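Task: produce atomic coordinates for the following.
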Amino acid sequence: MLYLEVEIKKMKKVITTKNAPAAIGPYSQAILSNNTLYCSGQIAINPQTGSLVIDNIRNETMQVMRNISEVLKAADMDFSNIVKCSIFMKDMNDYSEINKVYSMYFIEEPPAREAIEVSALPKNVNVEISVIAVK
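Okay, the predicted model is just below:
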């Protein structure tokens, strides 16, 4: 059993950076397993101040994307490595504005994704985005 646990730990590396918000619960910012990075959902917390950026959906989405960028950098990746995104939003009416910001990060070969309206998100934010990236 101990051998199996050691092998699993070799395949799993916790990715963390101070340039993105610290986890607000029992989870990691991201996990690198083999060559695949599984990023936890990012919300619009400014990591320098710890405050939420929720004055409008555009600024909120920009902060989310900056946070994702920093987690990717910590794993020596960038937006071109992303193969899958999940966007969770409280109001589907925000979809167009979220999409305008999101599209700035994926000029060519955008990843697969889904966009889902939900009733609530952590800290009562309006948008949360998680990604999967591959080296």
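
ok, residue 68 touching residue 39?
Yes - counting by C-beta atoms under 8 Å, residue 68 does reach residue 39; the two are 6.5 Å apart. (C-beta placed from N, C-alpha, C; glycine too.)

out of these two, which sits in the busier spot?
Each of residue 68 and residue 39 has its neighbours counted (other C-beta atoms under 10 Å); residue 39 has more, 27 against 23.

So which elements touch the helix or strand containing that one?
Counting by DSSP states H and E, the element that carries residue 39 is strand 36-42. With contacts defined as 3 or more C-beta pairs under 8 Å, 6 or more residues apart in numbering; DSSP states H and E, the packing partners of strand 36-42 are strand 30-33, helix 57-74, strand 127-134.

Name the residues contacting each of residue 68 and residue 39.
Common contact partners of residue 68 and residue 39 (C-beta atoms under 8 Å, 6 or more residues apart in numbering): residue 131.

Show me the shaky parts of the chain.
1-10 (pLDDT under 70).
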